[in-house]
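Peer 1: Would you be able to build a 3D model of this:
(chains A and B)
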Amino acid sequence: DVKVTQSSRYLVKRTGEKVFLECVQDMDHENMFWYRQDPGLGLRLIYFSYDVKMKEKGDIPEGYSVSREKKERFSLILESASTNQTSMYLCASNSLDRGFNEKLFFGSGTQLSVL
Amino acid sequence: GENVEQHPSTLSVQEGDSAVIKCTYSDSASNYFPWYKQELGKRPQLIIDIRSNVGEKKDQRIAVTLNKTAKHFSLHITETQPEDSAVYFCAARGKSSNYKLTFGKGTLLTVNP
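Peer 2: Numbers count the residues shown, from 1 in each chain, chains lettered A, B, ... in the order given. A predicted model of the protein is given here:
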């Protein structure tokens, strides 16, 4: 089965710190995504990447950047963490090349608290 | 971009009853509509999806219907069980959002034994 692994389950950081959230998938998927999940707001797309070194802004990219140097790894970077970035962050991946199956595979999430 | 509205935000049913969750979307060119289930403390998982060339799809106790004219789609769960308790998210993928998935805000379904 596909495994999408996020490096930390819980993270506590201070305002102004630079924060790295790491995500690794093991199924050679082309597409990788970072979502933010907040109660009552659903899943909101921050950034996605459809190939190595390619990235596209999602719906709420402000305050975030991403890096995809290798196909299996997609990093989310908070350049200067702020309290309003306290949230659950979910990484996901999929591939559109295999029988047109668009199923998203999610990681278990990183609960980030910015104090 | 695409806008997806989901209702209700919470739904409580008795075990054995049916549950219906409804979503509307804004982009008439949207062509893919998945539903994800997220149990408490777990990751979202795809439970069923439908494409715009199909009006209904069933998988055991769950079904999804799509009305392209009205731009809405619904999830139907029959004979609900306590393990159906979860947050359910609908989503739509359309041209206006550069083919990215846009999710609804979620419905917390509680099935009471």
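Peer 1: which parts of chain B sit against chain A?
Peer 2: Counting by C-beta under 8 Å from any C-beta of the partner chain, chain B comes close to chain A at B:1, B:6, B:9, B:32, B:34, B:36, B:42-46, B:49, B:89, B:93, B:98, B:100-106. Where C-beta positions appear, they are placed from N, C-alpha and C, glycine not excepted.
Peer 1: Any figure for the gap between the residue nearest to the spatial centre of chain A and B:Leu40?
Peer 2: Nearest to the geometric centre of chain A sits A:Trp34, at 2.6 Å (C-alpha atoms, centre = their mean). Counting by C-beta to C-beta, to the nearest Å, the separation of A:Trp34 from B:Leu40 is 22 Å.
Peer 1: Where does residue 5 sit, in terms of helix or strand?
Peer 2: Picked chain A for this. Using DSSP states H and E, A:Thr5 sits within strand A:4-6.
Peer 1: Can you look at chain B instead?
Peer 2: Assigned by DSSP H and E, B:Glu5 falls within strand B:4-7.
Peer 1: which ones are touching residue 51?
Peer 2: Reading this off chain A. Residues in contact with A:Asp51, defined by C-beta atoms under 8 Å, 6 or more residues apart in numbering or on different chains, are A:30, A:68, A:71.
Peer 1: I was after chain B.
Peer 2: By C-beta under 8 Å, 6+ apart, the neighbours of B:Arg51 are B:31-33.
Peer 1: buried stuff in whatever helix or strand A:Gln37 lives in?
Peer 2: Taking DSSP H and E as the definition, A:Gln37 sits inside strand A:31-38. Residues of strand A:31-38 classed as buried: A:31-37 (neighbour count, 16 or more other C-beta atoms under 10 Å in any protein chain shown).
Peer 1: Equivalent analysis for stretch B:103-113, please.
Peer 2: In stretch B:103-113, the ones that count as buried by 16+ other C-beta under 10 Å are B:103-109, B:111.
Peer 1: ok, the helix-or-strand element of chain A with minimal mean pLDDT near chain B or not?
Peer 2: Ranked by mean pLDDT, DSSP states H and E, the weakest helix or strand in chain A is strand A:56-57, scoring a mean of 92. Yes - under the criterion of C-beta under 8 Å from any C-beta, strand A:56-57 makes contact with chain B via A:Glu56.
Peer 1: So the residue nearest to the centre of chain A sits against A:Cys91, correct?
Peer 2: Yes - the pair formed by A:Trp34 and A:Cys91 meets the contact definition of C-beta atoms under 8 Å, at 5.8 Å.
Peer 1: any common contacting residues for these two?
Peer 2: With C-beta under 8 Å, 6+ apart as the test, A:Trp34 and A:Cys91 both reach A:21, A:23, A:74, A:76.
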